[in-house]
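1. how does the following fold in three dimensions:
(one chain, ligands or ions: 1)
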Amino acid sequence: MQPDQTFHMTTDEFRYFGKELIDWIADYYQNIEGYPVLSQVEPGEIRASLPPSPPKKGVSFDEIISDIDRLIMPGITHWQSPNFFAFFPANTSGPSILAELLSAGLGVQGMSWSTSPACTELETHVLDWLAEMLGLPERFMSHTAGGGVIQDTASSATLSALLVARERATNYASNEEGCNGRLVAYASTQTHSSIEKAVKISGLGSKNLRLIEVDDDFAMRPDALASQIHADREAGLIPCFVCATVGTTSSNALDPVQEIGIVCEKEDIWLHVDAAMSGTAALCPEFRYILDGLELADSFCFNPHKWMFTNFDCDCFYVANRAALIQTLSVLPEYLRNKATESGAVIDYRDWHVQLGRRFRSLKLWFVIRHYGVEGLRYHVRQHIELAQQFAAWVGKDPDFELAAPTPLNLVCFRHKAGDEFNRQLLDKINHSGKIYMTHTSLNDRYTLRLCVGQTNTEEQHVQQAWELLCLTASKMQQF
Ligand SMILES: Cc1ncc(COP(=O)(O)O)c(C=O)c1O
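-> Okay, here's the model as predicted:
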C-alpha cells in the first residue's frame, strides 16, 4: 500500500460537485412538469441498462451526475410533480432537502443523548413545538409524563404503540415469555395495512386483529367496537389495543376518536391514533376538530413526510406515558453505558423505537418550521384543502361523475357513472398519458378513483387541468 495514496473526494471536489448537484436538483424542479408523472418504463428496463458488474476503478463525478439523466430519470415516478395526485402526498421543500444534506454532512448517530446532545435536544424541542402547532393535548409534551419522538415511518410508530400496549396488558410479561395467543387488537375495516403488519410482528397474530365495521362515511362504529370487545372478553381473550384512524388512506375517513376513546377508557385498552396522512391539517385551527377526543388517546402519530413539506422519512410519534414505552423497548448493553444515561437526566431516544441507530432528522423539521413559520405552513395546507374542495364541487355538479365518499380534507374519492370497467380504463389512459398520476381504491366493492391534493407546488391550474383531462378522456371513451 502506498502511504500517501487516497481515493477519497477532496473537500474542494466536494464543494465543486456539491454545487453542481444542487444546480441539478434546482433544474429538476424547474423542469419537472416536462417529465411523464408516472414512469413509463417496463419491468427490468432500468436494470438492463446498468453495467452487470461494479466498476474496478472509480469514475469522475461528472460522469456519475450525467448518468442520473441517462440511466435513472426514465425510471422515476415524479412524486414532486405538481401533477402528482396519487396515493398520498410525500412532499418536500427546499429547506427540508437542505436540512437532509446537512444531516448527511454531519453524519451524526444520535442513538443516545451523549452521542450527540444536539440531536436529542433539538428533537425534543421541535416535537414540543409541533404539539403546540397542532393543538395536541398537553399530556404529549415533554414537560409532562409523555413526549414525542421521530420515527422513520408511521408503520414503526404503530408497531411501537402496539408493543407497549401488549406489555401494559400483560404487566410486562410478554417481553419475557412471549405472547400466549390471547391478546386482541382492534381497528376499522378501513385501517392501514401497517396495523396488520404490526400485529404479525408483535406476536399477537393476525387472527387476533379484529376489523370493526364502519358507517356510511367509512368511519369506525364505536358501538360495533364495544360489542366486539365484550364478545372477546366473554371468550376469555384480552383486548389490549385499539387503533383509530384520522384520515384513512383509502377515503380520508375520520374515526370518531372521542367516542372510541370513551370505550377504551372504560375497558382500559391502549388507544393509538393514526393520523399519518391527515394529521397535518390540525395546523389550521378550523380543522382541529379532526383530533377531538385525542386527550383520551395513549399515543398518536402523524407524518410530516407526507404533507408537511418534509422529505421522507419523518414520522412524529407521541405517547402520554413515556416510561411505559421505555420500559418496553429499553435494552442496555455494556458498551452503551455512559454517565449521562445513568444520571437519568437525559433522553436516550434509542429506547423509544425499534432500531438502535438514528439520524439527525429533527434538522428537517427545524428548517421547515423556521422557513415557513406556522402561518406559511397553514397557508399551503389550506390551499391544498381548498383545491380538493373545488375539485369535489366540479365532480358533484357533473352529471357523468359522482362523489364516492365525503371529502373532509384534501382527498377526493369519485367515479364515473359508467361502471367499474370504465373507471379502470379511464385511470389507465390518464396515467399512461403521463400528464397526471392518480390511483384508485375500492369503496363498497366499487372501483373508485382518488385524487389527493398535497404536492408542494400544486396550484389551481394543475387541479383544473386534471379535471379537464378526466372529462375529455371520459367523453372520448364514450364515443367509441
Ligand atoms: C393512515 C396511514 N397510516 C399509516 C401509513 C403508513 O405510513 P408509513 O409509510 O409512514 O409507514 C399510511 C401511508 O399511507 C397512512 O395513510
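2. give me the below-cutoff pLDDT ranges for the stretch 201-350 of the chain.
-> The model of the stretch 201-350 of the chain has pLDDT under 70 over residues 342.
3. up against the ligand, what does it have?
-> Thr245, Thr248, Thr249, Asp274, Ala276, Met277, Asn303, Asp315 (Cβ under 6 Å from any ligand atom). Quick note: C-beta positions are derived from backbone N, CA and C, even for glycine.
4. who's in contact with the first one?
-> Same thing as Thr245. Ala187, Ser188, Gln190, Thr191, His192, Met220, Ala253, Leu254, Asp255, Val273, Asp274, Ala275 (Cβ atoms under 8 Å, 6 or more residues apart in numbering).
5. okay, the residues you listed in JSON lines with neighbour count, distance to Arg47 and secondary structure next?
-> Formatted as JSON lines, those follow (neighbours: other Cβ atoms under 10 Å; distance: Cβ to Cβ, whole Å; DSSP: H, G, I helix; E, B strand; the rest coil):
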{"residue": "Ala187", "neighbour count": "28", "distance to Arg47": "37", "secondary structure": "strand"}
{"residue": "Ser188", "neighbour count": "26", "distance to Arg47": "39", "secondary structure": "strand"}
{"residue": "Gln190", "neighbour count": "21", "distance to Arg47": "36", "secondary structure": "coil"}
{"residue": "Thr191", "neighbour count": "25", "distance to Arg47": "35", "secondary structure": "coil"}
{"residue": "His192", "neighbour count": "20", "distance to Arg47": "30", "secondary structure": "coil"}
{"residue": "Met220", "neighbour count": "30", "distance to Arg47": "43", "secondary structure": "strand"}
{"residue": "Ala253", "neighbour count": "26", "distance to Arg47": "39", "secondary structure": "coil"}
{"residue": "Leu254", "neighbour count": "24", "distance to Arg47": "42", "secondary structure": "strand"}
{"residue": "Asp255", "neighbour count": "32", "distance to Arg47": "42", "secondary structure": "coil"}
{"residue": "Val273", "neighbour count": "28", "distance to Arg47": "41", "secondary structure": "strand"}
{"residue": "Asp274", "neighbour count": "30", "distance to Arg47": "35", "secondary structure": "strand"}
{"residue": "Ala275", "neighbour count": "27", "distance to Arg47": "37", "secondary structure": "strand"}
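6. which among the residues of the stretch 201-350 of the chain next to the ligand gets closest to Ile430?
-> Ile430 lies nearest to Thr249 out of those, by Cβ to Cβ, at 20.4 Å.
7. who are the neighbours in contact with the residue lying closest to the closest one once chain neighbours are set aside?
-> Among residues not flanking Thr249 along the chain, His192 sits closest, at 5.3 Å (Cβ to Cβ, 6 or more residues apart in numbering). Contact analysis of His192 by Cβ under 8 Å, 6+ apart lists Ala154, Thr158, Thr245, Thr248, Thr249, Asp274, Ala276.
8. mind doing that once more with 10 Å?
-> Taking Cβ atoms under 10 Å, 6 or more residues apart in numbering, we find His192 in contact with Ala154, Ser155, Thr158, Ala198, Cys243, Thr245, Thr248, Thr249, Ser250, Asp274, Ala276, Met277.
9. farthest-apart pair in those residues, please.
-> Pairwise distances across the contacts of His192 peak at 18.1 Å for Ala198 and Ser250 (criterion: Cβ to Cβ).
10. helix, strand or coil for Phe241?
-> At Phe241, secondary structure determined by DSSP: H, G, I helix; E, B strand; the rest coil is strand.
11. can you tell me how far it is from the ligand?
-> With distances taken as Cβ to the nearest ligand atom, to the nearest Å, Phe241 is found 15 Å from the ligand.
12. near the ligand, which residues of the stretch 1-150 of the chain?
-> Going by Cβ under 6 Å from any ligand atom, the residues of the stretch 1-150 of the chain near the ligand are Phe88.
13. quick one: the strands in the stretch 1-150 of the chain, in order.
-> Under the criterion DSSP state E, counting those that start in this stretch, the stretch 1-150 of the chain contains strands at 147-151.
14. give me the residue from it nearest the ligand.
-> Phe88 (4.8 Å; Cβ to the nearest ligand atom).
15. for the contacts of Thr245, which one is nearest the ligand?
-> Closest to the ligand, out of all of those and judged by Cβ to the nearest ligand atom, is His192, at 3.5 Å.
16. give me the phi and psi for Gly110.
-> Dihedral angles phi and psi of Gly110 (degrees, to the nearest 10) take the values phi -100, psi 40.
17. which ones are touching it?
-> Counting by Cβ under 10 Å, 6+ apart, the residues that Gly110 touches are 103, 116-120, 122-123, 150, 348-350, 357-362.
18. list the contacts for Lys339?
-> Listed by Cβ under 10 Å, 6+ apart, the contact partners of Lys339 are Ser114, Ala345, Val346.
19. columns neighbour count on top of those residues, output as a markdown table?
-> What follows is these, written out as a markdown table (neighbours: other Cβ atoms under 10 Å):
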| residue | neighbour count |
| --- | --- |
| Ser114 | 14 |
| Ala345 | 9 |
| Val346 | 18 |
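20. tell me which element Ile262 falls in.
-> Taking DSSP states H and E as the criterion, Ile262 maps to helix 257-267.
21. which strands and helices lie in contact with that helix?
-> Secondary-structure packing of helix 257-267 (3 or more Cβ pairs under 10 Å, 6 or more residues apart in numbering; DSSP states H and E): strand 183-188, helix 222-234, strand 238-245, strand 270-275.
22. for it, which residues meet the burial criterion?
-> Residues of helix 257-267 classed as buried by neighbour count (16 or more other Cβ atoms under 10 Å): Val257, Glu259, Ile260, Gly261, Ile262, Val263, Cys264, Glu267.
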